[in-house]
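Chemist: pasted the sequence and its predicted model underneath.
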Amino acid sequence: MNPALWITIYMPIFILLFIIIPNERKVSLMAKRRKKRGGDKMNNELLAKYKGRKCILYTGSFGSTVQGQILDVVDNWVEVKTKKQIKIINAEYITTVTIEEDK
């Protein structure tokens, strides 16, 4: 079997099975443990303080960032208006918030 063919077929499968999937499981387990402890959650009052401001919300190891304006914070959900759409994000998974300065 050609080595280049082996790499193109089996390497993505290897990466998926041994790197990506176990890492996602670890992150979701850590989030569940935090929820049981009741700590390390994004404070809703803190997010509500920045309503109407443009910001960047990072969800850490899940690999997504949302850049837009915070519209509303209800219970544990944050409503963010981006350039194209409105997104609703669970505040438990937000790890970092960067507030853009008003010009």
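Modeler: Perfect, thanks for sending it.
Chemist: how about the CA coordinates for the helix or strand hosting residue 4, as CSV?
Modeler: Residue 4 belongs to helix 3-15 when elements are defined using DSSP states H and E. The C-alpha coordinates for helix 3-15 follow below in CSV (Å, rounded to 0.1, in the frame of the first residue of the first chain):
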residue,chain,number,x,y,z
PRO,A,3,2.4,5.4,2.2
ALA,A,4,0.7,8.6,0.9
LEU,A,5,-2.6,6.8,0.5
TRP,A,6,-2.3,5.4,4.1
ILE,A,7,-1.7,8.9,5.4
THR,A,8,-4.6,10.5,3.6
ILE,A,9,-7.0,7.8,4.7
TYR,A,10,-6.0,6.8,8.2
MET,A,11,-4.5,10.0,9.6
PRO,A,12,-7.8,11.9,9.7
ILE,A,13,-9.5,8.9,11.4
PHE,A,14,-6.7,8.7,13.9
ILE,A,15,-6.9,12.4,14.7
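Chemist: going forward, begin numbering at 213 instead of 1
Modeler: Right, with 213 as the first residue, what we last looked at is helix 215-227.
Chemist: by contact count, what packs against it?
Modeler: Using 3 or more CB pairs under 8 Å, 6 or more residues apart in numbering; DSSP states H and E as the contact test, no helix or strand touches helix 215-227. C-beta: built from backbone N, CA, C; applies to glycine.
Chemist: which parts of that helix are buried?
Modeler: With burial defined by 16 or more other CB atoms under 10 Å, not one residue of helix 215-227 is counted as buried.
Chemist: name the residues of the longest strand anywhere in the chain that are buried.
Modeler: The strand of greatest length in the chain, counted in residues with DSSP state E as the criterion, is given as strand 277-286. If you call a residue buried by 16+ other CB under 10 Å, then strand 277-286 has these buried ones: 278, 280-282, 285.
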